[in-house]
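J.: Give me the fold of what follows.
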Amino acid sequence: MGNKLKNIGLIGIGMLAGVAASVQFSALAQKDTPSAAAGTNAPLPLDELRQLADVYALIKSDYVEPVQDKKLLSEAIAGMVASLDPHSVYLDEKDFAEMRETVEGKFVGIGVEVSMEDGYVKIVSPIEDTPAFRAGIRAGDLITRIDNVPVKGLSLDDAIKRMRGEPHSKVMLTIARRGADAPWVVPVEREEIKVASVKAKMIEPGYVWIRINQFQEETLDEMADKLKGLYAQNPNIKGLVLDLRNDPGGLLPSAIGVSAAFLPQNDVIVSTKGQLADSNETFYGRREFYAVKPGVDPLAKLPAALKTVPMVVLVNTGSASASEIVAGALQDYKRAVVLGSQTFGKGSVQTLRQLTPDTAVKLTTARYYTPKGRSIQALGIVPDIKVDETPEGDGLNALTVREADLDHHLSNEGEAKNGATSARRDELEAEQRAVAMMKNTRPPEFGGKDDFQLAQAINHFKGLPVRVAKPDPDADKPAPANLPGADQKPPEQVKDSVKK
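T.: This is a model prediction of the structure:
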């Protein structure tokens, strides 16, 4: 895999990069379980613990300069947890506070979505009405220095941390723009950024587009309010596009609620299997599994027509975790057609175990399974209709690292540890095509007039030809007739293919 492929990360919300975990915050407090107790009573590996103590003492006595006890112990804990899988992590005071902010959909920063390109931070999109947006920073700009520190040599995570800070503090960004004579320095004042979880609009009369950027605490309320408003505007909805592209995941209850909005009440949405008894659960589309506020059902205000309106779910390689739960459930029940590119493949559940008031461990505790028992881990959701990001190819999406590319990723039951998935495209060819395309094109604006995949979703609803991905031998042919939601079917066939 080329360096360029490895340097492109999943684009998260605002300044968040990476895959957000499906965190169950009901598990914040440590629990005493039979399994946990049994583990505590197991014989301790005394030889290994003695070796750890010897190394600790050696560093304290012989290292070139004094090292604080807290640093040594924190790093030891972090290394132990990180060795398990890519999503298990020790959260110190700062990391724990940032995770809480992300789940609430807010953070202090400048308001941009970013990736890495050639060692620099690339602006994928400035968030509207944020400091970066007001400073004139544009999609495609490269940040070469942060407070005069060269970006080359920094990881994307390190660069993001340097751009975050206290409200009303300033960060100096050196910006390079294609076509400009020379880079220039832009002072940007940090502020609290509130990221909307849901966007929605009427693409054209009768066709609704609703996008979920990340599954947050307010996602269900925001989705219900926007859909209710659109139905009041035009109750004759012919098709609904649920856009989960580049959605890195988030809260599990929100994912269950979004699925439940379009499925019968008692349908299974997702199940989990793990070592602890409470990691083996089945989640249904009922209020007790998704409601944040006791006694309040955010889905109660949704129009009943949502249960049967034809649907397309848009996904890409950046769709992960909670996004894959929703796409997998709607696909299993044939409630919606999944269209786009194969998803990230994060089929594991992380539980937050609080250690102190300010620190925690985010630990992988289970694999999750779709209603039909499919494990998505390291495989992802394969779309019913494969459609590239643009008419020329899959663009930036073809460069995005997937779960199967991550070191020591949790394996799928049908996959050898650290084995490659057979569903991956020819990576070298995909990388070469995408790099060539990125030099001449901007990242697509989801929901915009030039959104190619969204246009193909609308074509599917109308029974028009859908331009599928180029490697597919059925390219430029209409969507398969046995998929739900296409207008070329007689009404009774549409009804039969929709889960009741």
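
J.: rest of the way, CA atoms for contacts and neighbours
T.: Noted.

J.: And for Leu52, the neighbour number?
T.: Neighbour count of Leu52, defined by other Cα atoms under 10 Å: 13.

J.: quick one, strands of the stretch 51-200 of the chain?
T.: Taking DSSP state E, counting those that start in this stretch, the strands of the stretch 51-200 of the chain run over residues 89-91, 106-109, 112-117, 120-126, 142-146, 149-150, 170-176, 184-189, 191-194, 198-204.

J.: Quick one: low-confidence residue ranges for this protein.
T.: Confidence mapping of the chain against pLDDT under 70 gives the ranges 1-42, 102-105, 125, 128, 395-401, 414-444, 471-482, 486-500.

J.: for this structure, longest strand please?
T.: In the chain, with assignment by DSSP state E, the single longest strand is strand 359-369.

J.: Can you list the helices and strands that that one packs against?
T.: For strand 359-369, the packing partners by 3 or more Cα pairs under 8 Å, 6 or more residues apart in numbering; DSSP states H and E come out as strand 89-91, helix 93-104, strand 268-274, strand 348-356.

J.: Just checking: what are the partner strands of the first one?
T.: Strand pairing for strand 89-91, using DSSP bridges, gives strand 359-369 (antiparallel).

J.: And this protein, what are its domain boundaries?
T.: 3-19+102-193, 31-87, 198-497 (automatic domain parsing).

J.: Minimum distance to Glu93: which of the ones you listed has it?
T.: In terms of Cα to Cα, the element of the domains of the chain nearest to Glu93 is domain 198-497, at 5.0 Å.

J.: nearest to Lys94, of the domains of the chain?
T.: Closest approach to Lys94 among those (Cα to Cα): domain 198-497, 8.3 Å.

J.: Distance from the chain centre to that closest one, please.
T.: Distance, stretch centre to chain centre, for domain 198-497: 10 Å (Cα atoms, centre = their mean, to the nearest Å).

J.: Gly295: neighbour count?
T.: Gly295, neighbours per other Cα under 10 Å, totals 9.

J.: Can you classify Thr282 as helix, strand or coil?
T.: Following DSSP: H, G, I helix; E, B strand; the rest coil, Thr282 is assigned to strand.

J.: Roughly how far does it sit from Glu192?
T.: The gap separating Thr282 from Glu192 is 37 Å, by Cα to Cα, to the nearest Å.

J.: Asn234 against Glu204, yeah?
T.: No. Using Cα atoms under 8 Å, Asn234 is not in contact with Glu204, being 10.5 Å away.

J.: Could you check which of those two has the larger neighbour count?
T.: Taking other Cα under 10 Å, Asn234 and Glu204 do not tie; Asn234 has more neighbours (13 against 9).

J.: excluding its backbone neighbours, what's nearest the more buried one?
T.: Gly206 (7.0 Å; Cα to Cα, 6 or more residues apart in numbering).

J.: Repeat that for Arg402.
T.: Distances taken as Cα to Cα, 6+ apart put Phe344 closest to Arg402, at 4.8 Å, once the chain neighbours are dropped.

J.: hang on, that neighbour in a helix?
T.: No. Counting by three-state DSSP, Phe344 is located in no helix; its state is coil.

J.: following the longest strand of the chain, which helix or strand comes up?
T.: Toward the C-terminus, strand 359-369 is succeeded by strand 385-386 as the next helix or strand (DSSP states H and E).

J.: Counting by contacts, list what that following strand packs against.
T.: strand 337-340.

J.: Check which helices and strands the strand it packs on sits against.
T.: Under the contact criterion of 3+ Cα pairs under 8 Å, 6+ apart, strand 337-340 touches strand 311-315, helix 322-332, strand 385-386, helix 452-462.

J.: what comes up buried for the lengthiest helix in the chain?
T.: In the chain, with assignment by DSSP state H, the single longest helix is helix 46-62. Judged by neighbour count (16 or more other Cα atoms under 10 Å), helix 46-62 contains these buried residues: Lys60.

J.: got it, and stretch 84-100?
T.: For stretch 84-100, a neighbour-count test (16+ other Cα under 10 Å) marks Asp85, Pro86, His87, Ser88, Val89, Tyr90, Leu91, Asp92, Phe96, Glu98, Met99 as buried.
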